[in-house]
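**Student:** need a structure here:
(chains A and B, ligands or ions: 4)
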There are 2 protein chains.
Amino acid sequence: RSTLALNQEKAKESEKQTKTDSDHSVSAEAGRDEKGIVSYWGVPPSKVVKEDGTEWKWTCFRPWETYKSDLSIDLTKHHVPTNFMDKLAYWSVKILRWPTDLFFQRRYGCRAMMLETVAAVPGMVGGMLLHCKSLRRFEQSGGWIKALLEEAENERMHLMTFMEVSKPRWYERALVFTVQGIFFNAYFLGYLISPKFAHRVVGYLEEEAIHSYTEFLKELDKGNIDNVPAPAIAIDYWQLPKDSTLRDVVMVVRADEAHHRDVNHFASDVHYQGRELKDSPAPIGYH
Amino acid sequence: RSTLALNQEKAKESEKQTKTDSDHSVSAEAGRDEKGIVSYWGVPPSKVVKEDGTEWKWTCFRPWETYKSDLSIDLTKHHVPTNFMDKLAYWSVKILRWPTDLFFQRRYGCRAMMLETVAAVPGMVGGMLLHCKSLRRFEQSGGWIKALLEEAENERMHLMTFMEVSKPRWYERALVFTVQGIFFNAYFLGYLISPKFAHRVVGYLEEEAIHSYTEFLKELDKGNIDNVPAPAIAIDYWQLPKDSTLRDVVMVVRADEAHHRDVNHFASDVHYQGRELKDSPAPIGYH
Ligand SMILES: [Fe+2]
Ligand SMILES: [Fe+2]
Ligand SMILES: [Fe+2]
Ligand SMILES: [Fe+2]
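**Tutor:** Ligands and ions are numbered 1, 2, ... in the order given. Okay, here's the model as predicted:
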């Protein structure tokens, strides 16, 4: 008997459970058709409860992935490029900023949303390549696979947040599609050839991200951008007070970028010192 | 001033901290040269302590990633292929088993080690593709990215465990290198074309894995394979008693494979029912 046939048969007996699941799902994804898949495989959606006992609304992240951002992080740190490769990384990023500034001008909400789709690529590519290397060489990773994948997830949460503030138009979707295609492959190749260079580039990208978010904050303070209430997803992810605003969200996102800057410059430094990442335990749980 | 220059300057003032770090690292990676990188970036290796207060030895996984395996899971579940695509998935896997059996014969330790290098690929590829899709489409993932990446990490831990029991020879390393190159690309393409088919193939691969581990257990019970003490990494990862043996390890690994089977057949079923993964919350924390 196939799984699907079994599903039919089981449909009745687990009617009650399905009801619970669908109740849950409706609250989760606001009114979408959620009949709940009855599964032979015994993997029903798990029911997660928040610390205060209320139901967890999100399926794309869980309570144990939330955290309080470290706002005390130094935002001004900078890696001064000295050798050729550093300078190449630095100027590549500086040159990329030029068309970006031109395209977005002062629309910082839109800019944040669009750039986060790119920002989530390097962590995933690096994590994947280190994973494959770990398997191929029968070697441990020193936690770097996890650290880079966590960075990618964190950036994806930035995107999920800014999506709530700014909606992409069709030509912006088309642009993201194209840019991802190019950047994914470029970073993939770049990381294969020189992880040292790749991590340095990301370090500098994060320095620019800090700069953009600082500009975003200035526009918010000037009143040029509405300081709307923080999206619900952001309040849950960064454990923010219920009355937080967009300004608070930009503050914690900027702190995250400063963390990414540190991790990536550090990773590049490890390579510069002629060592391998796996021999220098990764900063885990350090988004 | 460059980071490296700063490192030199800071070397003295943080001598004490470095010492702690290097003490830590030495215990972590048994005797490798571990001078500890002095970092301008403030991301020293974190000092992690076990529940019982002793120092955490591993850098490739952390205490909060350990778990007790669910040994009560049904090992006999099987998805009977009914339509063409299911049959194609089923017979592809069956046909792949033939050269595998021929190559490894009864060397189940070696077989486990080699096959885990392959088993850790699909979760990573699937997770990565869903991540990129989530970014491109400005959509949430329903937790599936995390679920698939967790599967990949779990498989990598299987490999880290069997590496301790069986050491790869040079031609086995060469084989893994080749097989990974082929399988990674094949699965990548396959997942792009039909996630439904890709998850079904993994479901069947996991059914075969359960079978192999059952054979492994039989050989252990017959005394054809030495029931050596469990590797330390396995005891910590699966929270096993200190006097556990290889047999206990194979038992928990087999339970993990049964979980992967469920998750992947479920994912395929979701697609069969014409739905998208993101609309069916993923079984998170379910290795
Ligand atoms: Fe970001
Ligand atoms: Fe970032
Ligand atoms: Fe496995
Ligand atoms: Fe598996």
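
**Student:** could you say which helix or strand holds A:Gln140?
**Tutor:** Here A:Gln140 is covered by no helix or strand, with elements defined by DSSP states H and E.

**Student:** how close does it sit to ligand 1?
**Tutor:** For A:Gln140, the distance to ligand 1 (Cβ to the ion, to the nearest Å) stands at 28 Å. No exception for glycine: its C-beta is placed from N, CA and C like everyone else's.

**Student:** what's near enough to touch that residue?
**Tutor:** The contact partners of A:Gln140, by Cβ atoms under 8 Å, 6 or more residues apart in numbering or on different chains, come to A:Ser134, A:Lys278, B:Trp58, B:Thr59, B:Cys60, B:Met160.

**Student:** try it again at 10 Å.
**Tutor:** A:134, A:278-279, B:28-29, B:58-61, B:156, B:159-160, B:163, B:233 (Cβ atoms under 10 Å, 6 or more residues apart in numbering or on different chains).

**Student:** in strands only, show me the residues you listed.
**Tutor:** Using DSSP state E, no member of these falls in strands.

**Student:** where does A:His79 land in three-state SS?
**Tutor:** Look at A:His79: counting by DSSP: H, G, I helix; E, B strand; the rest coil, its state is coil.

**Student:** quick revisit: can you lay out the contacts of A:Gln140 as CSV showing distance to ligand 1, pLDDT and neighbour count?
**Tutor:** Listed next are those as CSV, based on distance: Cβ to the ion, whole Å; pLDDT from 0 to 100; neighbours: other Cβ atoms under 10 Å in any protein chain shown:
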residue, distance to ligand 1, pLDDT, neighbour count
A:Ser134, 26, 95, 22
A:Lys278, 26, 88, 22
A:Asp279, 28, 85, 17
B:Ala28, 31, 37, 21
B:Glu29, 32, 37, 18
B:Trp58, 29, 88, 21
B:Thr59, 26, 85, 25
B:Cys60, 26, 85, 25
B:Phe61, 26, 88, 23
B:Arg156, 26, 96, 24
B:Leu159, 32, 95, 23
B:Met160, 31, 95, 24
B:Met163, 36, 93, 18
B:Ile233, 34, 95, 19
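
**Student:** quick check, nearest of these to A:Lys50?
**Tutor:** B:Phe61 (26.8 Å; Cβ to Cβ).

**Student:** quick check on the closest one: phi, psi?
**Tutor:** When read as degrees, to the nearest 10, the backbone of B:Phe61 gives phi -150, psi 160.

**Student:** ok, it touching B:Ala234?
**Tutor:** No - under the criterion of Cβ atoms under 10 Å, B:Phe61 makes no contact with B:Ala234, lying 11.3 Å away.

**Student:** what helix or strand is A:Val121 located in?
**Tutor:** helix A:108-137.

**Student:** quick one, helices of chain A?
**Tutor:** Per DSSP state H, chain A carries helices over the ranges A:3-13, A:15-29, A:84-104, A:108-137, A:144-165, A:170-193, A:195-222, A:232-237, A:246-272.

**Student:** between the ones you listed, which gets the lowest average pLDDT?
**Tutor:** When the helices of chain A are ranked by mean pLDDT, helix A:15-29 comes last with a mean of 35.

**Student:** quick check: the residue of chain A nearest ligand 2.
**Tutor:** A:His260 (3.7 Å; Cβ to the ion).

**Student:** quick check: neighbours shared by B:Phe61 and B:Ala234?
**Tutor:** With Cβ under 10 Å, 6+ apart as the test, B:Phe61 and B:Ala234 both reach B:Met157, B:Met160.

**Student:** which ones are touching the closest residue to the residue of chain A closest to ligand 2 other than its chain neighbours?
**Tutor:** Excluding the flanking residues, the one nearest A:His260 by Cβ to Cβ, 6 or more residues apart in numbering or on different chains is A:Glu206, at 4.6 Å. Contact analysis of A:Glu206 by Cβ under 10 Å, 6+ apart lists A:93, A:119, A:122, A:151, A:256-265.

**Student:** now A:Glu206: how far from A:Glu155?
**Tutor:** Distance of A:Glu206 to A:Glu155, computed by Cβ to Cβ, to the nearest Å: 10 Å.

**Student:** mutual contacts of these two, please.
**Tutor:** Counting by Cβ under 10 Å, 6+ apart, the contacts common to A:Glu206 and A:Glu155 are A:Ala119, A:Pro122, A:Asp256, A:Glu257, A:His260.

**Student:** ok, which pair from the residues you listed is furthest apart?
**Tutor:** A:Pro122 and A:Asp256 (14.2 Å).

**Student:** Provide a list of residues in contact with A:His199.
**Tutor:** A:His199 neighbours (Cβ under 10 Å, 6+ apart): A:89, A:122, A:126, A:148, A:190-191, A:263-272, A:277.

**Student:** A:Leu192 too?
**Tutor:** A:Leu192 makes contact with A:Val125, A:Leu129, A:Lys133, A:Ala198, according to Cβ under 10 Å, 6+ apart.

**Student:** ok, the residue in the stretch 151-287 of chain A positioned nearest to ligand 1 to A:Lys218 distance?
**Tutor:** The nearest approach of the stretch 151-287 of chain A to ligand 1 comes at A:His158, 3.7 Å away (Cβ to the ion). As judged by Cβ to Cβ, A:His158 and A:Lys218 stand 19 Å apart.

**Student:** quick one, which of the two is more surrounded?
**Tutor:** Neighbours per residue, other Cβ atoms under 10 Å in any protein chain shown: of A:His158 and A:Lys218, the larger number sits with A:His158, 25 against 13.

**Student:** residue contacts, the residue lying closest to that one once chain neighbours are set aside?
**Tutor:** Take A:His158 and drop its neighbours on the chain: the residue closest to it by Cβ to Cβ, 6+ apart is A:Glu116, 4.4 Å away. Residues in contact with A:Glu116 (Cβ under 10 Å, 6+ apart) are A:155-163, A:209, A:253, B:135, B:138.

**Student:** what's the closest of those residues to ligand 4?
**Tutor:** Nearest member of the contacts of A:Glu116 to ligand 4, counting by Cβ to the ion, is A:Arg156, at 25.0 Å.

**Student:** enumerate the residues of the stretch 101-250 of chain A near ligand 1.
**Tutor:** For the stretch 101-250 of chain A, the contact set with ligand 1 under Cβ under 5 Å from the ion comprises A:Glu116, A:Ala119, A:Glu155, A:His158.

**Student:** swap the cut-off to 8 Å and go again
**Tutor:** Contact residues, the stretch 101-250 of chain A versus ligand 1 (Cβ under 8 Å from the ion): A:Ala112, A:Leu115, A:Glu116, A:Ala119, A:Ala120, A:Asn154, A:Glu155, A:His158, A:Leu159, A:Ala209.

**Student:** most neighbours of all those, which one?
**Tutor:** A:Glu155 (28 neighbours).

**Student:** now for the closest residue to that one other than its chain neighbours: which residues touch it?
**Tutor:** Closest residue in space to A:Glu155, ignoring its immediate chain neighbours: A:Ala120 at 3.7 Å, by Cβ to Cβ, 6+ apart. By Cβ under 10 Å, 6+ apart, A:Ala120 lies in contact with A:151-159, A:180, B:131-132, B:134-135.
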